[in-house]
Structure formats: structure tokens, C-alpha cells
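Enquirer: Quick one, fold the following:
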Amino acid sequence: MILKLKIALAILLAIAVATPTLLVWASETQRFVLSKELHVTDFVPRDVDAYIAYVNDSKVEVAHIYVRVEHPMPNSHRVPILFSIWHTEDTELDSLVLRFSTDQYVTSVYTEASSYNWPESRFYREGRQTILAVNDMGWFGVGTVTLNFMLFADSHSENLGLIMDFSMHHEAFMQLTSLKGHANLYTPIPT
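Expert: Next up is the predicted model:
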């Protein structure tokens, strides 16, 4: 009977030590145990050819997404696009996926070259979409992320579609919850 009690206590002690250790390990390595959906508002016009959407966590603004689709350069089909996501200082952006498309035609989108390399980033074409996928923003996710793109729009393309998926987390002692957001922008391409 005493042996069974000792075994039970040893098991309980092992569980009591292992559980917090696993939670601290998950927090430090940003292997999020929980997930929560953020509320992203519809895009509204902000400036000429610019749009903004607000990102809320339980009715508290934690980020906003700004997209500017500029007029093409003279005698050109090249349309500059600026994408920016600002977030509060107590949050960090973890991942970002942007999907560009235009009406029924294949989209050619290029990104401005960066002097830094993001780990696990991919920029590729899939069907009629051009996709930028950054699985781990690393230290780039600490501040505002701003990216410049160049869309080569076919003369028949009238509208730009941009689908955004991102994840972030609150910086805290125990970082166990990933905050996930999704946004869509469908706008005319300026001529």
C-alpha cells in the first residue's frame, strides 16, 4: 500500500513539474497552444487610392492594415502598391500571407528587394495568384511591416484582389495564444 502511494506521489510530482516546464518551453519557442480569431473591419477609403482596415482583439484595436494602390506610371501598366501593417507595441507579428489577383488574368507582381532575408519566406505564383508567404517574421514582426510591390496590370484588368492572412501574439510572460486575422480588399486598379 505504501509503495502504491509513493508511486502515485511520484507520478503527481512528475506531472506537476512537467506541465509548467512544457508551458514555459511552448511560450519561449512561440509554439502557441491556443488560437484566437481577431476581428478585422472592412477596408474603408483613407486617402486618394488608399484603404485602411482596423484589427481588434475583444473590441480593443491592436493593429491596422493600410494599402495604397497608386496610379500607373505614365505610358505604363506598372502600378505601385504599398502594404503596411502597424500593430501595438505589446504585440508582435508572427506570420503574413498576401495573395494578389486581378479579374480573370494572370497577375504579375514583384516586390521591392530587401537588404535583409526573412527566414522561411516564399514569393511565388499559384494559378492566377501571386503569393508572398512569410512563415516567421522574426525580428521584422516587432515593428510596423511595410512592403512595396509593383503590379504589372494587363490593360484588360480592372480590379485588384488582395487577400491577407496573418498571425500575431501579445508579448507577455506566458505567450500561449496566437491571434489570427484575415482581410480582403477588392478595389479598382487606378488608370
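Enquirer: So which bits of the helix or strand residue 182 falls within are buried?
Expert: Assigned by DSSP states H and E, residue 182 belongs to strand 177-188. Residues of strand 177-188 classed as buried by neighbour count (16 or more other C-beta atoms under 10 Å): 178, 179, 180, 181, 183, 185, 187. The way it works is simple: take the backbone N, C-alpha and C, and place the C-beta from them, glycine included.
Enquirer: Give the other helices and strands that it contacts.
Expert: strand 34-37, strand 39-40, strand 50-57, strand 60-69, strand 159-170 (3 or more C-beta pairs under 8 Å, 6 or more residues apart in numbering; DSSP states H and E).
Enquirer: Make a markdown table out of those and add mean neighbour count and mean pLDDT.
Expert: A markdown table is the format used below for those (neighbours: other C-beta atoms under 10 Å; pLDDT from 0 to 100):
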| stretch | mean neighbour count | mean pLDDT |
| --- | --- | --- |
| strand 34-37 | 11 | 84 |
| strand 39-40 | 16 | 94 |
| strand 50-57 | 18 | 94 |
| strand 60-69 | 19 | 94 |
| strand 159-170 | 19 | 91 |
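Enquirer: between those, which one is nearest to residue 5?
Expert: strand 34-37 (35.2 Å; C-beta to C-beta).
Enquirer: who does the closest one pair up with?
Expert: strand 177-188 (parallel) (DSSP bridges).
Enquirer: Next, the angle from the partner strand to strand 60-69.
Expert: 30 degrees (axes from the mean of the first three to the mean of the last three C-alpha atoms, to 10 degrees).
Enquirer: If you average the pLDDT over strand 177-188, what comes out?
Expert: Strand 177-188 carries an average pLDDT of 91.
Enquirer: Centre of the chain to that strand, how far?
Expert: 8 Å (C-alpha atoms, centre = their mean, to the nearest Å).
Enquirer: again, but for stretch 89-108
Expert: 8 Å.
Enquirer: gap between the two ends of it?
Expert: This stretch, stretch 89-108, spans 34 Å end to end (C-alpha to C-alpha, to the nearest Å).
Enquirer: neighbours around residue 8, how many?
Expert: Residues contacting residue 8 under the criterion other C-beta atoms under 10 Å number 10.
Enquirer: That one should be in a helix, yeah?
Expert: Yes: Residue 8 forms part of a helix when assessed by DSSP: H, G, I helix; E, B strand; the rest coil.
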